[in-house]
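[1] Can you look at this prediction? I've put the sequence above it.
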Amino acid sequence: MNRVDGKVAIVTGAAGGIGSATARLLAKAGARVVATDMRPADGERLVAEIVRDGGQARYVDHDVTRDADWVRVVADTVAREGGLDILVNNAGIYRHGSIEDFRDEDIDALFAVNMKSIVLGTRQAFRAMKLRPKDADSASIVNLSSIAGLVGSPQSSVYSMSKGGVRLFTKAAAMEAAHLRYNIRCNSVHPGIIDTEMARGAENSVAGAMVKRGVPADDIAAMMAASHPLGRMGVAEDIARGILYLASNDSSFMTGSELVIDGGWTAR
Ligand SMILES: NC(=O)c1ccc[n+]([C@@H]2O[C@H](COP(=O)([O-])OP(=O)(O)OC[C@H]3O[C@@H](n4cnc5c(N)ncnc54)[C@H](O)[C@@H]3O)[C@@H](O)[C@H]2O)c1
């Protein structure tokens, strides 16, 4: 179950919390992983760990907002690995702020990193994946959305907009690939608050936003845990396991779907 033996996977934002856990788990489940990010030291450290543990991975520098980078990364993957089976569009950023005070540069950054990147990546992935043998397992594109792509919350409007965009682009891409008989599935993943830099870091994080709203720093972890009906924050591995499922052939009848992994957050 949940094996991806011999498959070739690109994971973006792989130096970060969810991306690293996903790259590790896909490699453990048998994939050859191309781990991309803009943090070469952390990326190379991750790849060294994966290789030490018997997996196959390499790190590639990749700014997901740049089309030229996507063309290079996908072409290089196909040339060196013989094809592309799995793309995990994981790289993302968070910015908080009220609608009235939101800065233009933060709107542009959120749209570029969280949304435009998914279009650029899907474009290159479709071109490569549609060339796979017709009798192969379906290729899989997994896009990281969020609970913020399903429900609203204060101070997160533009992030929510970007993640809502990811959710619906995923469904549209799934329909287009199915219509064209490309044998490519596209699904989105919707994490609750996950214990990574994005949630708990000092800058541009969910915790940073809470501090600015006057929440005492010592109370933040407990509040984040209590905000999930299951009583804890998620960890990156909770999300990686869902991504592996969507990447593997065990989810072969799922496309255009939303996998919510949120400790019950959106069930209320
Ligand atoms: N942590 C959470 O609570 C949470 C909740 C819901 C959804 N998500 C989503 O999950 C994904 C991963 O989040 P995370 O918590 O691991 O974040 P993280 O901040 O730990 O990691 C994000 C990674 O993306 C990389 N990145 C940022 N901009 C990039 C760019 N232009 N090109 C290439 N790489 C870039 C960063 O260098 C970093 O390594 C994001 O899309 C995020 O929106 C996270």
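    Everything's here; your move. Quick caveat: nothing in here was measured; it's all calculated off a predicted structure.
[2] Now residue 257, what are its backbone angles?
    Dihedral pair for residue 257: phi -100, psi 170, per degrees, to the nearest 10.
[3] which ones are touching residue 62?
    12, 36, 37, 38, 69, 70, 73 (Cβ atoms under 8 Å, 6 or more residues apart in numbering). Yep, even glycine has a C-beta here, placed from its N, CA and C like the rest.
[4] if we go to 7 Å?
    Listed by Cβ atoms under 7 Å, 6 or more residues apart in numbering, the contact partners of residue 62 are 12, 36, 37, 69, 73.
[5] In contact with the closest residue to the third one other than its chain neighbours, which residues?
    Ranked by Cβ to Cβ, 6 or more residues apart in numbering and with sequence neighbours excluded, the top spatial neighbour of residue 37 is residue 15, at 3.8 Å. Remark: with contacts taken as Cβ under 7 Å, 6+ apart, residue 15 is in contact with 37, 39, 42, 43, 46.
[6] Of those, keep whichever come out buried.
    Neighbour-count burial (16 or more other Cβ atoms under 10 Å) applied to those gives 37, 42, 43, 46.
[7] Please list which of the residues you listed also come close to the ligand.
    Under the cut-off given by Cβ under 6 Å from any ligand atom, the ligand has residue 37 from the buried ones among the contacts of residue 15 close to it.
[8] The ligand: which of the buried ones among the contacts of residue 15 is nearest?
    Proximity to the ligand was ranked across the buried ones among the contacts of residue 15 by Cβ to the nearest ligand atom; first place goes to residue 37, at 4.7 Å.
[9] Distance check, residue 105 against residue 114.
    Counting by Cβ to Cβ, to the nearest Å, the separation of residue 105 from residue 114 is 14 Å.
[10] Compare those two (neighbour count), which wins?
    residue 114 (29 against 9; other Cβ atoms under 10 Å).
[11] So which bits of the helix or strand where residue 121 lies are buried?
    Using DSSP states H and E, residue 121 sits within helix 117-129. Of the residues in helix 117-129, 117, 118, 120, 121, 122, 124, 125, 126, 128, 129 count as buried by neighbour count, 16+ other Cβ under 10 Å.
[12] Check the residues you listed against the ligand and report the nearest one.
    Nearest to the ligand out of those is residue 117 (Cβ to the nearest ligand atom; 6.7 Å).
[13] ok, the closest one - contacts?
    Contacts here follow Cβ under 7 Å, 6+ apart; on that basis residue 117 touches 64, 65, 89, 91.
[14] Could you do residue 57 as well?
    23, 27, 33, 35, 47, 50, 51.
[15] now with 6 Å?
    Residues in contact with residue 57, defined by Cβ atoms under 6 Å, 6 or more residues apart in numbering, are 27, 33, 35, 47, 50.
[16] Just those residues: which are in helices?
    Using DSSP state H, the members of the contacts of residue 57 that fall in helices are 27, 47, 50.
[17] Break down the stretch 101-250 of the chain into its helices, ranges please.
    Assignment of helices within the stretch 101-250 of the chain using DSSP state H, counting those that start in this stretch yields the ranges 104-110, 117-129, 157-179, 197-200, 206-212, 217-226, 236-247.
[18] Mind putting those into TSV with distance to the ligand?
    TSV is the format used below for those (distance: least, Cβ to the nearest ligand atom, whole Å):
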stretch	distance to the ligand
helix 104-110	9
helix 117-129	7
helix 157-179	7
helix 197-200	3
helix 206-212	6
helix 217-226	9
helix 236-247	6
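[19] Residues in contact with stretch 150-165: which ones?
    Under the contact criterion Cβ under 6 Å, 6+ apart, stretch 150-165 has outside partners 94, 96, 99, 102, 107, 110, 114-115, 145-146, 148-149, 190, 209, 266.
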